[in-house]
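**Q** Give me a 3D structure for the following:
(chains A and B)
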Amino acid sequence: MKAQMKRLGFGYDWSREVTTCLPDYYKWNQWFFLKLYERDLAYRKKSKVNWCPKCATVLANEQVVNNGHCWRHEDTLVEQRELEQWFVRTTKYADELLRDLDRLPGWPEKVRTMQRNWIGRSEGTLVDFRLDSAAGEAITVFTTRVDTIFGATSVQLAPEHPITQKLADADAGLRVRVDQLIAEQSKAKERGDIGEIEKHGVNTGNFAMNPYNGERVPIWVANYILMDYGTGAIMSVPAHDERDYEFAKKYGIEIRQVIVPSDGSDRNVRPAQSDGLPFTTLDGKLINSGEFTRLSCEEAIKQMSAFAEQRGVGKATVTFRLKDWGISRQRYWGTPIPMLYCEKDGIVPVPEKDLPVILPDNVDITLTGGSPLGRVAEYLNARCPKCGGPAKRETDTMDTFVDSSWYFYRYTDAHNNHAPFDSKIAQYWFGDRGIDQYIGGVEHAILHLLYSRFWTKFMRDLGLIKNDEPVERLFTQGMVIKSGAKMSKSLGNVVSPDEMVAYFGADAARLYSLFAAPPDRDLDWQETGIEGIRRFLGRVYAFFSQVPVESAANAPGYSVGDLTPNARAVLRKLHQTIARISEDFKGRWHFNTSVAALMELLNTCTAAPELFRAGDDAAPAAFCAHVQRTFVLLLAPFAPYLAHELWETIGEKENLLKAPWPKFDPELAKEEEIEIPVQVNGKLRGKIVVAPGTPEEEIFAKALADPNVQSFIAGKQIVKKIYTGKLVSIVVR
RNA sequence: GCCGGGAUGGCGGAAUUGGCAGACGCGCUGGACUUAGGAUCCAGUGCCGAAAGGCGUGCAGGUUCAAGUCCUGUUCCCGGCACCA
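**A** Numbers count the residues shown, from 1 in each chain, chains lettered A, B, ... in the order given. Below is the predicted model:
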C-alpha cells in the first residue's frame, strides 16, 4: 500500500506516519480510555448488542447498515445478543454534536443532514399514567404531542417493558403472548424490516390513569412499541397518530378527536367522518380538552407540559435517537481495554504508569467465539493494583474507530512518548477550527466523522486542544463503482493500480483517474479511455523533443508586441490555462477540467508547429522556453514523473518542486477580438467579430448588417435590441 | 413514507454568474504513411434534412429577448433514515 502510494508519486510526509496497531500508538488509546473512565464517559453495561457472526464480534449501532447488515460484510445479517460490554457516553455530547453542525458551513449539507437524523433530537413531554395497583407505580410515556392527551384512549407498552414483564409474571396467558411479541420484534430487527411488520398487540386487562382528566384507560402491549426509544411506552391517540389509528381500527379502540383545523373549517370535526382522520398536523386548535380547549397546538404543548410539572406527573424533556457507542470487540486485533477485574475491588483501571497493556503475540486467532485474549493465561491473569491480589484482565479490545477518532492529531507530533501529542504543536497545526480540508468517502458520514467529532470535544474538555470541531471543510469523494458494486477494502473488489502503473506508467494512471470524473461524483471504473491519456503524454513528450533546447534563463528576452498572431494565441491560451487550473485548485477540485485544459493547451501549441520547430525563427527562443517551462509547471501536479524529466530536458537546474506556480496575467489572457453570437427572436442567426470594448451602437450596426441576420429581420419591425457584452439579441415582430 | 443527490450525444463528462449546449477524451467513419497496424498523423462525428432550415439537456407546463441553469408539477435512478411516539 505504502509502496503503491510512493510509486504513484504521492507527496506524503512519511516521517509522520503512525501505525495504530503498534503499542506506541494504542498506548494512547488506552490512556484516553482511562480518561473517559475517570470522567464517567466510559461504562460497562449488560445489554442487547449487535453481533456479526462473520466478524465474531459486537458492532456499534452505527456499524449496522442496510437493514441490519454488518458494515464490513454487507451480505451478513447482524444478530442480537445479550452481552456485558463497554460503552462510551456519546449521548452526553448529543446536544453539542447536533448544535455544532450548524457551525460547519464547510461541510456538505448531505453529511450534516445525515448526522442530524442520526442524532435524532426530539422535544417532548414525559407523562406518568398511574397504575391501579396499590404501590403507586406509574407508566411513564414519552410524547411529542402532549396537546392530544385528552384523546388518549389507551396506553401501549413495549413487550420488553419492565411493567409488561411484571404484568406477564402474574398472568400466564399474557406471558405467552408477550414472549411471542418479543420474539417477533427481535426477528424483525435482525431482518431489518421492523417498521413493515403488521401492528398487533394484546390487551393486558389492566388500566392506567390519565393525569389530565382522571380517566382510566386500558393498558395494551404492542409490537410496534420499541423499548429502546423514548420510555418504551406511549399514550395512544388514534385520532391524531397514524400508527395509533391503524391499531385502534383493528381492535375497535375508541377514536376520540381533540384537535380541529384552526382555519375554522369543520373538516374532521365529527369522528363519524373517519376518512379525515388521523389529523396530525400542528396547525390546529384543541377541543374536548378541559381547561385547554381552544388553545392552539403549540400553545397547548407549552401549557400542558408546565401543568404536568406543577402536578408532579411529568415534565418537558428531550430524547435522542443517538445511543452510546459500544466499543467492546471480541477480536484479537485491537487495542486491549486497560481494565482489571478483582474479586475484592471489582472493576479496577490499569494505572497510567503501567500502560501500555500489550497485546500478547501467542494467540490462536483461528478459533472463533469469545474474545481470543481470554484464552491466553499469561495475559488474562494479573495483579490488582489496589490490593495486590489476583485479578483478571478485560479480554475485549477496542473498536478500531477509536484509532481513527484522533489519529490526525497524532500526525502533528507522531513520535511523542509522553503524551498523545503536544498541545502547543497541535494548536499550531489545527488552530481553533481544526483540519483545513478533510477528504473522505460519504460512507464515513456518520461513523468516523461522528466519532471523531465526539473525540475532539472530549479532548477539548480534557484541555488538550482548543478547537470544538476536528474538521473545518469536508469534501466527500464519490465512491468508485466496479461492475455495479462499490469498490471497497471490505468488499475486496479493489482494482489495484499496480497493473495500470506497470503498463501505462504512474503518470497515466494518475491522469486517468483524475480525468474520468469530478471527484465528488461516483465513478464507474472502466479502463476505456486510458489510451487517450497515454497518447496525450506521448504527444507532450514529442512536443518537447522537437523543440530546440533552450533554458529560459539563458535566452534573451522578447517583446509581446513583436510576436506573430499564432504566437500571441499560444501565449493567450497559456495564461487562460494558468487561470483555469489555478481555479480548480482553489477548492472546486474538478481536476478533470484541469486535465482537459492541459490538453487544449497542447493542441493550441501543436496547431502552430512553426513556432516550435528547430531552425524556424517564427518565434524567439525565449518565447518557446517560457511556454515550455510554464507548461511543465502546470503539468507537474498531475504527471510529476514526466514533468521532472521534461524539466531537466529544458535545462532547468532548480528543483521543480520548489519552483513557484506560474503567475496568471489577465492582460496576456485577454482575447484580441471577440466573437459575438447574434440571436433573432432567441435563435442563433449569426456571429460577428469585434475588438473588445467596441461601443454598443457599432456592435448593433454590425449585427444588423450580417447577411443571415438580415434575412431574418427583413420586412419586420425591431421591437428590442439587447447587448449583454457576450451576446446580441434582437427581437422582431 | 421522510431527507439528500442525480438524469446532458454511442460512452465518460464540459458548460463556475440566466447568455453560442455538447469543451476535453473515448468510440466510430473516412483518409495519409506503411510489408504490416491494435503505432502515428490528418479530417469528420448530437438527431432529422440534399440544402435552407428544423429539433434537441428524463417528462409536462411556466417565467424570460434568452432556460441544462430559475419556478410549478411529475417519472425514474442512486444514497441515507424509518413503527423514533
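**Q** hey, let's count contacts and neighbours off CA atoms from now on
**A** OK.
**Q** Just the CA trace of whichever strand or helix holds A:Leu450, in CSV.
**A** A:Leu450 belongs to helix A:447-462 when elements are defined using DSSP states H and E. Taking Å, rounded to 0.1, in the frame of the first residue of the first chain, the C-alpha atoms of helix A:447-462 are listed here in CSV:
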residue,chain,number,x,y,z
LEU,A,447,-19.4,6.5,11.6
HIS,A,448,-15.9,8.0,11.6
LEU,A,449,-17.0,11.6,11.3
LEU,A,450,-19.3,11.4,14.3
TYR,A,451,-16.9,9.6,16.5
SER,A,452,-14.0,12.0,15.7
ARG,A,453,-16.3,14.9,16.4
PHE,A,454,-17.1,13.4,19.8
TRP,A,455,-13.5,12.7,20.5
THR,A,456,-12.5,16.2,19.6
LYS,A,457,-15.0,17.6,22.1
PHE,A,458,-13.8,15.2,24.7
MET,A,459,-10.1,16.2,24.1
ARG,A,460,-11.1,19.8,24.3
ASP,A,461,-12.7,19.2,27.7
LEU,A,462,-9.5,17.4,28.8
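**Q** give me the low-pLDDT residue ranges for chain A?
**A** Applying pLDDT under 70 to chain A picks out residues A:134, A:190-192, A:263-277, A:365-370, A:481-495, A:547-556, A:615.
**Q** Please enumerate the strands of the stretch 601-733 of chain A.
**A** Per DSSP state E, counting those that start in this stretch, the stretch 601-733 of chain A has strands spanning A:674-680, A:683-690, A:718-723, A:728-732. These are given in chain order.
**Q** Tell me the spacing between the residue nearest the centre of chain A and RNA strand B.
**A** The geometric centre of chain A, computed from its C-alpha atoms, lies nearest to A:Ala445 (Cα atoms, centre = their mean), at 2.1 Å. As defined by Cα to the nearest atom of the strand, to the nearest Å, A:Ala445 lies at a distance of 8 Å from RNA strand B.
**Q** Most proximal residue of the stretch 601-733 of chain A with respect to RNA strand B?
**A** With distances taken as Cα to the nearest atom of the strand, the stretch 601-733 of chain A approaches RNA strand B most closely at A:Gly682, which sits 4.0 Å away.
**Q** check contacts around the nearest residue in space to that residue that is not next to it in sequence.
**A** Setting aside the residues directly before and after it, A:Gly682 is nearest to A:Ser729 in space (Cα to Cα, 6 or more residues apart in numbering), at 6.8 Å. Under the criterion of Cα atoms under 8 Å, 6 or more residues apart in numbering, the contact list for A:Ser729 reads A:678-682, A:721-723.
**Q** now A:Tyr212, what's its secondary structure?
**A** Per DSSP: H, G, I helix; E, B strand; the rest coil, the local secondary structure of A:Tyr212 is coil.
**Q** which residues does it contact?
**A** Applying Cα under 8 Å, 6+ apart to A:Tyr212 gives the contacts A:149-150.
**Q** RNA strand B versus that one, what's the distance?
**A** Relative to RNA strand B, A:Tyr212 is positioned 16 Å away (criterion: Cα to the nearest atom of the strand).
**Q** With A:Asn288 instead?
**A** Distance from A:Asn288 to RNA strand B, by Cα to the nearest atom of the strand: 19 Å.
**Q** Just confirm that residue contacts A:Val258, I think it does.
**A** Yes. The pair A:Asn288 and A:Val258 passes the contact test of Cα atoms under 8 Å, sitting 5.6 Å apart.
**Q** So for those two, which residue has more residues nearby?
**A** A:Val258 (24 against 15; other Cα atoms under 10 Å).
**Q** And the more buried one, its phi and psi?
**A** Recorded main-chain torsions at A:Val258 are phi -130, psi 0, according to degrees, to the nearest 10.
**Q** I'd guessed it sits against A:Phe292; true?
**A** No. Contact between A:Val258 and A:Phe292 fails when scored by Cα under 8 Å: they sit 10.4 Å apart.
**Q** just to revisit the earlier point, got a list of what the residue of the stretch 601-733 of chain A closest to RNA strand B touches?
**A** Applying Cα under 8 Å, 6+ apart to A:Gly682 gives the contacts A:729-731.
**Q** so which of those residues also contact RNA strand B?
**A** When contact is defined as Cα under 7 Å from any atom of the strand, those meet RNA strand B at A:729-731.
**Q** Dig out what the residue in the stretch 1-150 of chain A that RNA strand B sits nearest to forms beta bridges with.
**A** With Cα to the nearest atom of the strand as the measure, A:Thr143 is the residue of the stretch 1-150 of chain A nearest to RNA strand B, at 2.8 Å. Following DSSP bridges, A:Thr143 is listed with bridge partners A:Thr125.
**Q** doesn't A:Asp128 make contact with it?
**A** No. Checked against Cα under 8 Å, the pair A:Thr143 and A:Asp128 is beyond contact range at 11.1 Å.
**Q** on that earlier part again, quick check: neighbours shared by A:Val258 and A:Phe292?
**A** For the pair A:Val258 and A:Phe292, residues contacting each of them under the criterion Cα under 8 Å, 6+ apart are A:Leu286.
**Q** From A:Ile465, how far off is the closest residue to A:Tyr409 other than its chain neighbours?
**A** In space, and not counting its chain neighbours, A:Tyr409 is closest to A:Ala426: 6.4 Å by Cα to Cα, 6+ apart. As judged by Cα to Cα, to the nearest Å, A:Ala426 and A:Ile465 stand 7 Å apart.
**Q** Test my guess that A:Arg112 contacts A:Asp100.
**A** No. With the criterion set as Cα under 8 Å, A:Arg112 and A:Asp100 do not qualify as a contacting pair; they are 9.9 Å apart.
**Q** More neighbours: these two, which one.
**A** Between A:Arg112 and A:Asp100, A:Arg112 has the larger neighbour count (other Cα under 10 Å), namely 19 against 13.
**Q** For that one, pull up the helix or strand it's in.
**A** Counting by DSSP H and E, the secondary-structure element that holds A:Arg112 is helix A:109-119.
**Q** what does that helix contact?
**A** Applying Cα under 8 Å, 6+ apart, the contact partners of helix A:109-119 are A:94, A:98, A:101, A:320-322, A:442, A:445-446, A:450.
**Q** Tell me what angle it forms with helix A:447-462.
**A** With axes from the mean of the first three to the mean of the last three Cα atoms, to 10 degrees as the basis, helix A:109-119 and helix A:447-462 are set at 70 degrees to each other.
**Q** Just the buried positions in helix A:109-119, please.
**A** A:111-112, A:115-116, A:118-119 (16 or more other Cα atoms under 10 Å).
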